[in-house]
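*Asks:* With the input below, show me the fold.
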Amino acid sequence: MGYFTKDKIEQLSVHATPFYYYDLEVLNKTLLSINAAVKNKPFVVHYAIKANANKPILEQIKAQGFGIDCVSGNEIKRAIELGFSSSKIAFAGVGKTDEEINYGLDQDIFTFNVESLAELKIIDELATKKGKIVGIAIRLNPNVNAKTHHYITTGLEENKFGINTWELPEFFELFKTLQHIKLKGIHFHIGSQINDLTVFKSLCNRVNDFQQQFRERGIILDHINVGGGLGVNYESPDEETIPDFGAFFKVFDDFLELEPNQEVHFELGRSVVAQCGSLISRVLYIKEGIKTNFAILDAGMTELIRPALYQSYHKVENISQLGQPNNKKYDVVGPICESSDCFGKAIDLPETKRGDLMAIRSAGAYGEVMSSSYNLRDKAKSIYK
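*Replies:* Now for the predicted structure:
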């Protein structure tokens, strides 16, 4: 039996569509799985709040003791407002404004993950004005191919993120002159939706090389931040609702060469929340053609932009026709005035009709947070189980 039972479908059918449906029990099991996998290891997990910033989800994540990875000042504010300790907040991002940096300084956050030498100078200047010593981790570009979509690859020399290898000598010289900077760690993030674990082994090898360069200069780091990027199973969410966190963390346990008492920090987002959420929509119209049948939904790229932006796959299910054979093909599209507003082409579905409920799976990450009001659309509500 699939995730959507008849009872669950009846409960969902009373709500106006489209809406995001979140299963907090799935989220909790995911969080427990992560904590079990890092138990008795020097591993610290920060949740990447950019994946989903909803209050009930963040409260559950906080209850399990996770830190937060932020990429904007407002994300820091959301975390602080919901009671996350500032000592567990890391602030990344290539374009931090002075206002955002000052807010992070005022909150005494754990680290600024610094992405350029220019940014490092500004943070030192602002910290000097406040008379504070600020903790930083330098984000280094390891030039590791994440083997994922090029829009979500972040660790190659052609990407905008991080300090490149040839800039390290300049960094070491600059670092000697900065009086209000405390170097706590080095930071890496090579991309998202990575399913080939050998990519993370390659990252470990590069981390070891970089750490040796710091060690040779007498710099012993408190922590190594290896980012996130672990993918989820979009094709078969019911078969792999919880990613294999044990195998993921084992790669770093086996291949990172750590100093005594050194921690490894992770920034997991998609793998934490993707499978706990679905986008629920209704069929507005069936438009039959000679070559293509269209199922036109009341949800569109304004509610889930990933298929339009990345050509990404999300499983689409007609949950009103539970148990019926998949005997027709449909292009499942939304109502937005853009040809890219399409959730999938030639999808095998049961005979589908107006009013049927459709579930677009694995939408808990980068669904609601990337939604927009394009075409002056109303914001879809959230329903929690």
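*Asks:* what bits of this structure have low per-residue confidence?
*Replies:* 1, 145-161 (pLDDT under 70).
*Asks:* Domain parsing of it, as residue ranges.
*Replies:* What automatic domain parsing lists as the domains of the chain is 6-20+275-384, 24-273.
*Asks:* Now render those as JSON lines, adding mean neighbour count.
*Replies:* Every C-beta, even on glycine, is put in place using the N, C-alpha and C of the backbone. Listed next are these as JSON lines, based on neighbours: other Cβ atoms under 10 Å:
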{"stretch": "domain 6-20+275-384", "mean neighbour count": "18"}
{"stretch": "domain 24-273", "mean neighbour count": "18"}
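*Asks:* okay, stretch 256-263 in PDB with CA atoms only?
*Replies:* Taking C-alpha atoms only, stretch 256-263 is exported to PDB below (Å, rounded to 0.1, in the frame of the first residue of the first chain):
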ATOM      1  CA  LEU A 256      38.400  12.200   7.100                       C
ATOM      2  CA  GLU A 257      41.700  12.600   8.900                       C
ATOM      3  CA  LEU A 258      40.800  14.600  12.000                       C
ATOM      4  CA  GLU A 259      42.800  16.200  14.700                       C
ATOM      5  CA  PRO A 260      42.200  15.100  18.300                       C
ATOM      6  CA  ASN A 261      38.900  16.700  19.600                       C
ATOM      7  CA  GLN A 262      38.100  18.100  16.200                       C
ATOM      8  CA  GLU A 263      34.500  18.200  15.200                       C
END
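*Asks:* pull the longest strand from this protein.
*Replies:* strand 277-288 (DSSP state E).
*Asks:* name the helices or strands packed onto it?
*Replies:* For strand 277-288, the packing partners by 3 or more Cβ pairs under 8 Å, 6 or more residues apart in numbering; DSSP states H and E come out as strand 19-22, strand 293-297, strand 357-360.
*Asks:* how about CSV for those, with distance to residue 8 added?
*Replies:* Shown next, in CSV, are the helices and strands packed on strand 277-288 (distance: least, Cβ to Cβ, whole Å):
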stretch, distance to residue 8
strand 19-22, 9
strand 293-297, 19
strand 357-360, 10
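*Asks:* Please, where are all the helices along this protein?
*Replies:* In the chain, the helices defined using DSSP state H lie at 6-12, 24-38, 55-63, 73-81, 98-106, 117-130, 168-177, 198-216, 245-255, 270-273, 306-310.
*Asks:* tell me what the longest one is packed against?
*Replies:* Right, the one you point to is helix 198-216. strand 181-187, helix 245-255.
*Asks:* what would the ones you listed look like in JSON lines with distance to residue 92?
*Replies:* Listed next are the helices and strands packed on helix 198-216 as JSON lines, based on distance: least, Cβ to Cβ, whole Å:
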{"stretch": "strand 181-187", "distance to residue 92": "7"}
{"stretch": "helix 245-255", "distance to residue 92": "19"}
